[in-house]
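Asker: Structure, please.
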Amino acid sequence: MLFRILNAIALTLVIVGAINWGLIGFFGFDLVAALFGDMSGFSRVIYALVGLAGIYSIMFYKRLSIDEA
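Answerer: Have a look, this model is predicted:
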(Lines give C-alpha, C1' and ligand atoms only; values in the text may rest on other atoms or scores of the structure.)
Protein backbone atom coordinates (compact mmCIF):
# COMPACT_ATOMS: atom_id res chain seq x y z
CA MET A 1 0.00 0.00 0.00
CA LEU A 2 2.79 2.44 0.91
CA PHE A 3 4.67 1.73 -2.32
CA ARG A 4 1.50 2.25 -4.35
CA ILE A 5 1.11 5.72 -2.82
CA LEU A 6 4.81 6.48 -3.31
CA ASN A 7 4.59 5.32 -6.93
CA ALA A 8 1.57 7.57 -7.54
CA ILE A 9 3.33 10.57 -6.02
CA ALA A 10 6.48 9.90 -8.04
CA LEU A 11 4.49 9.50 -11.25
CA THR A 12 2.61 12.74 -10.60
CA LEU A 13 5.85 14.63 -9.98
CA VAL A 14 7.45 13.18 -13.12
CA ILE A 15 4.41 14.27 -15.14
CA VAL A 16 4.57 17.77 -13.64
CA GLY A 17 8.25 17.93 -14.54
CA ALA A 18 7.62 16.71 -18.07
CA ILE A 19 4.84 19.23 -18.63
CA ASN A 20 7.03 22.01 -17.22
CA TRP A 21 9.91 21.07 -19.55
CA GLY A 22 7.48 20.90 -22.47
CA LEU A 23 6.25 24.41 -21.69
CA ILE A 24 9.83 25.64 -21.43
CA GLY A 25 10.77 23.99 -24.73
CA PHE A 26 7.76 25.08 -26.74
CA PHE A 27 6.94 28.46 -25.25
CA GLY A 28 9.87 29.50 -23.03
CA PHE A 29 7.46 29.50 -20.07
CA ASP A 30 8.54 27.99 -16.73
CA LEU A 31 5.31 27.11 -14.89
CA VAL A 32 7.00 26.32 -11.57
CA ALA A 33 8.83 29.66 -11.59
CA ALA A 34 5.63 31.47 -12.56
CA LEU A 35 3.69 29.89 -9.70
CA PHE A 36 6.29 29.91 -6.94
CA GLY A 37 8.90 32.49 -7.96
CA ASP A 38 12.11 32.29 -9.93
CA MET A 39 14.36 30.02 -7.85
CA SER A 40 12.55 30.82 -4.62
CA GLY A 41 12.96 28.39 -1.76
CA PHE A 42 9.68 26.68 -2.56
CA SER A 43 10.36 26.39 -6.30
CA ARG A 44 13.75 24.83 -5.50
CA VAL A 45 11.96 22.26 -3.34
CA ILE A 46 9.58 21.49 -6.22
CA TYR A 47 12.50 21.08 -8.65
CA ALA A 48 14.31 18.85 -6.15
CA LEU A 49 11.23 16.67 -5.60
CA VAL A 50 10.71 16.31 -9.35
CA GLY A 51 14.36 15.29 -9.69
CA LEU A 52 14.07 12.73 -6.88
CA ALA A 53 10.89 11.37 -8.45
CA GLY A 54 12.75 10.94 -11.73
CA ILE A 55 15.54 9.04 -10.00
CA TYR A 56 12.99 6.93 -8.11
CA SER A 57 11.19 6.18 -11.38
CA ILE A 58 14.28 4.45 -12.77
CA MET A 59 13.16 1.39 -10.80
CA PHE A 60 10.18 1.05 -13.15
CA TYR A 61 12.58 -0.29 -15.79
CA LYS A 62 13.25 -3.24 -13.51
CA ARG A 63 9.52 -3.86 -13.24
CA LEU A 64 9.21 -3.82 -17.02
CA SER A 65 11.79 -6.58 -17.32
CA ILE A 66 10.05 -8.61 -14.58
CA ASP A 67 6.63 -8.23 -16.22
CA GLU A 68 7.97 -9.44 -19.58
CA ALA A 69 9.55 -12.59 -18.12
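
Asker: can we go C-alpha only for contacts and neighbour counts from here?
Answerer: Noted.

Asker: Phi and psi next, for the most centrally placed residue in the chain.
Answerer: Ranked by distance to the mean C-alpha position of the chain (Cα atoms, centre = their mean), the top residue is Val14 at 2.4 Å. Taking degrees, to the nearest 10, you get phi -70, psi -40 for the backbone angles of Val14.

Asker: got a list of what it touches?
Answerer: Under the criterion of Cα atoms under 8 Å, 6 or more residues apart in numbering, the contact list for Val14 reads Val50, Gly51, Ala53, Gly54.

Asker: Near Thr12, how many residues? Count them for me, please.
Answerer: Other residues near Thr12 come to 14 when the count uses other Cα atoms under 10 Å.

Asker: From Gly28, how far off is it?
Answerer: Using Cα to Cα, to the nearest Å, Thr12 is found at 22 Å from Gly28.

Asker: how about the nearest residue to Met39, chain neighbours excluded?
Answerer: The shortest distance from Met39 to any residue other than its chain neighbours is 6.7 Å, reached at Ala33 (Cα to Cα, 6 or more residues apart in numbering).

Asker: Which positions within stretch 54-69 qualify as buried?
Answerer: Neighbour-count burial for stretch 54-69 flags Gly54 (criterion: 16 or more other Cα atoms under 10 Å).

Asker: what's it in contact with?
Answerer: Contacting residues not belonging to stretch 54-69 are listed as Ala10, Leu11, Val14 [Cα under 8 Å, 6+ apart].

Asker: Helices along the protein, start to end?
Answerer: In the chain, the segments counted as helices under DSSP state H are 2-27, 31-36, 41-57, 59-68.

Asker: Point out where this structure drops to low pLDDT.
Answerer: 67-69 (pLDDT under 70).

Asker: That concludes my questions; thank you for your assistance.
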